[in-house]
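1. need a 3D model of the sequence below.
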Amino acid sequence: MSGFQFLESLLMFGIKPGLESTQKLCDALGNPEKTFRTVHVVGTNGKGSTSFYLSNILIAHGAKTVLYTSPHLVSLQERIRLNGTPIARDDFDKALLAVKNAAEKTGVQATYFEALTVAAFVYAREQGVEFFVAEAGLGGRFDATAVANGELAILTGIGLEHTAVLGDTEEKILFEKLGIVKQGGKLVRCKLSAELERAAANIAKERGFTELARLDSALSKLPKLPNAGRHYEENAILAVTAAKAMLGVAFNASKASQGLQTSFWPGRMQKLYKDGKLKFILDGAHNPHAAKRLAETLREEYPGKKFHAIFGALQDKDLSEMLSLMADSIGTWHPVRTPYERFRDTEDLAKDIQSKGYSTGCGGFITRDAISAVEKEAGDEPVLITGSLYLIGACIYLLKDEFEELAFFRGMESEANEKH
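-> Here you go, the predicted model:
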């Protein structure tokens, strides 16, 4: 059995909050998680871009860095990147086999995410990295990445998500997210509501960690970011603040700017051009918080414009609010889905859209022909693709050979994500 076959065999086990299994695997492997400096990134939205920005800032300073993120858009290799380069298949398989052997030795029944996380630790140790930037998969306190015992954490935002696991109020979710910050550690975080500000201060006092002031003054000094939107500027500030704390006197503002200027986070306000003409805008807005951010950016960049939108959403998302938030910028909704079982059925999705008085067009399972049909309806206007990162990943896979902006994904095979 290969390492990838071992990983695939774990898909059936779903989520299992807790650190015991991950810690046992790490102990059996000689604690690879203790061989580098870790930054934890938690939050409802913005974790991926913030992690990506921080990683690129550290790389620009000459620091050997592994970036660990989830979910992936096309290939598992995206989740583990060494100095920006996806992990090689052979190295990935080797690291997964090491985890498999440790699981057999200890009798641990690891979950998919636990095995991936420990494999990332093993790979980072083998590569002799200095920094490991870890995006939490779910929550924080009991997320598998927490065993790395990072000296600093970043909180990107709080909203209602995974309430069955994390709690049914924003304050409970905040507690779970901040549970990843260790005693004596440091926290860089976004601005919160007055109620959550008080809660965060109390949690910091009780848990014994320090909150670092965010470098809001850095906003005017940021370079133009490849990802459009005020929220990406805010995430970049968090990354700069964290980098300054981790690098100390070695921090260099011009190197930080250099790292940010080369930081395009795929599938988020990503524009695809052909022959100089804008053809598609891809944005993985997958919940109301992200939909609000997308709507704000579209109004700012394309005031008064109504897009044809290829739209798909998962069953557990607040569809009504997402539709309402984006409605001003969408003229026709094209309901689609991927084979992923958690997607809403397209007929039901179309009915929900129509029930709010919005117009629907062609849709169905996402294929290149389905995309072409929407292009035809849109005429010379660009098409917006949004509603789910899983949908964005499926479209990237279909379009990657046609657009230079997607060249990063060429040669990658499409692989399933775990079921959350």
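2. C-alpha only now, for contacts and for neighbours.
-> OK.
3. can you list the domains in the protein?
-> Listed by automatic domain parsing, the domain ranges of the chain are 3-261, 270-409.
4. a markdown table for those, including mean neighbour count?
-> Below are the domains of the chain laid out as a markdown table (neighbours: other CA atoms under 10 Å):
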| stretch | mean neighbour count |
| --- | --- |
| domain 3-261 | 20 |
| domain 270-409 | 18 |
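5. select from the ones you listed the stretch with the lowest mean pLDDT.
-> Note on the domains of the chain: domain 3-261 shows the lowest mean pLDDT, a mean of 91.
6. about what we covered before: could you redo the domains of the chain as CSV and give each row distance to Glu418?
-> Converted to CSV, those look like this (distance: least, CA to CA, whole Å):
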stretch, distance to Glu418
domain 3-261, 6
domain 270-409, 10
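7. what's the closest of those domains to Asn417?
-> For the domains of the chain, the distance to Asn417 is smallest for domain 3-261, at 6.6 Å, taking CA to CA.
8. which residue ranges of this protein form strands?
-> Counting by DSSP state E, one finds strands in the chain at the ranges 37-42, 65-68, 80-82, 85-86, 131-135, 152-155, 186-189, 210-212, 270-274, 277-283, 307-311, 330-337, 364-365, 383-386.
9. what separation do you get for Glu405 and Leu389?
-> To Leu389, Glu405 is 17 Å away according to CA to CA, to the nearest Å.
10. can I get the strands of the chain in a markdown table including distance to Ala200?
-> Below are those laid out as a markdown table (distance: least, CA to CA, whole Å):
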| stretch | distance to Ala200 |
| --- | --- |
| strand 37-42 | 14 |
| strand 65-68 | 26 |
| strand 80-82 | 30 |
| strand 85-86 | 35 |
| strand 131-135 | 20 |
| strand 152-155 | 11 |
| strand 186-189 | 10 |
| strand 210-212 | 9 |
| strand 270-274 | 33 |
| strand 277-283 | 30 |
| strand 307-311 | 36 |
| strand 330-337 | 37 |
| strand 364-365 | 43 |
| strand 383-386 | 32 |
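11. how about the ones you listed, which one is nearest Glu8?
-> Among the strands of the chain, the nearest to Glu8 by CA to CA is strand 80-82 (16.9 Å).
12. what's the closest one in contact with?
-> With contact meaning CA atoms under 8 Å, 6 or more residues apart in numbering, strand 80-82 is reached by 64-69, 86-87, 120.
13. list the strands paired with that strand, with their directions.
-> Neighbouring strands of strand 80-82 in its sheet, by DSSP bridges, are strand 65-68 (antiparallel), strand 85-86 (antiparallel).
14. can you list the ones you listed in a markdown table and add distance to Gly363?
-> Formatted as a markdown table, the strands paired with strand 80-82 follow (distance: least, CA to CA, whole Å):
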| stretch | distance to Gly363 |
| --- | --- |
| strand 65-68 | 34 |
| strand 85-86 | 33 |
